[in-house]
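A predicted structure for the sequence below; I have some questions about it.
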Amino acid sequence: MVLSAAAVSWAETDLAAMLNRIDTVTNFTTDFNGVYTAVIERTGESLVTIQARMFRRDAEGKFVILISAPSAQKGQGYLEVDNNLWFYDPTSRLFTHSSLKENWQSSDAMNSDFYRTSYARDYSVESWKEATLGAYPVYILELKGTNAEVTYPWKRIWVRKDLGFILKSEDYSLSKWLMRSAYYPAYAQIGSQFVPSKMLFVDELNKGSRTQMTLTEPSTQPVSSATFTKAYIESVSR
């Protein structure tokens, strides 16, 4: 998808503003939904493809993910509501508590990758510099987590200067061991917001393990509040 937006002017020394800008351009003031297709690669194994539809309501910190393929996982669902993440298994018909820090469907994506961003709240900038990534001028920010809820306590992100969204990130453990790299080569623009339409997550601990993810059918049409409930997930998973 083609990007088109006016350049954004940042005060280069206003580090908090940089993090706020990321949240502003990637979180939605409206409801959002779309179809995600994940292709999981493992060395010596066949490719696994998972398809799911996601619904987000960023203003209330809610999301729902419904797995539609493959058939073995069809009907499984995730519900983030009231700061709790639940996983639904249609075989047992039970909801179990999950975490944003866990891998999504045994892929290299994390559950938190589907959640609204909160860089301004969750991280402080320890250092920064200017650089280029491909054809784009970027800021490279070294971030330290400010609370125990973050998926990764240290991050390094490459932020596109003009539009304010992330092109690449490196995710580190508390001891600053590189755990995962993530690439966002394409974004879809919806109004004044941007959402990654192509993503690549690379497991840096297990070479050859990676997950490619694409977004299709992005929409900001209103979503019924009933969608963000356990009853809804149970009803569509039958």
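That came in fine, so what should we check first?

other SSEs contacting the longest helix anywhere in the chain?
Of all segments of type helix in the chain, defined using DSSP state H, the longest is helix 15-26. Judged by 3 or more Cβ pairs under 8 Å, 6 or more residues apart in numbering; DSSP states H and E, the packing partners of helix 15-26 are helix 119-122, strand 123-133, strand 136-145, strand 193-203. Using the backbone N, CA and C atoms, a C-beta is placed for each residue, glycine as well.

make it 10 Å
helix 119-122, strand 123-133, strand 136-145, strand 154-160, strand 166-172, strand 178-190, strand 193-203 (3 or more Cβ pairs under 10 Å, 6 or more residues apart in numbering; DSSP states H and E).

So for the shortest one, what gets flagged as buried?
So the one you mean is helix 119-122. Buried residues in helix 119-122, counted by 16 or more other Cβ atoms under 10 Å: 119-120, 122.

Turn the residues you listed into a markdown table, including pLDDT and distance to A188.
What follows is those, written out as a markdown table (pLDDT from 0 to 100; distance: Cβ to Cβ, whole Å):
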| residue | pLDDT | distance to A188 |
| --- | --- | --- |
| Y119 | 97 | 20 |
| A120 | 96 | 23 |
| D122 | 97 | 24 |
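
Among those residues, which one sits closest to N103?
D122 (19.3 Å; Cβ to Cβ).

Next up, the contacts around the nearest residue to the closest one once chain neighbours are set aside.
Using Cβ to Cβ, 6 or more residues apart in numbering and skipping residues adjacent in sequence, the residue nearest D122 is V150, 5.0 Å away. By Cβ atoms under 10 Å, 6 or more residues apart in numbering, V150 lies in contact with 100-101, 112, 118-119, 121-123, 143-144, 171.
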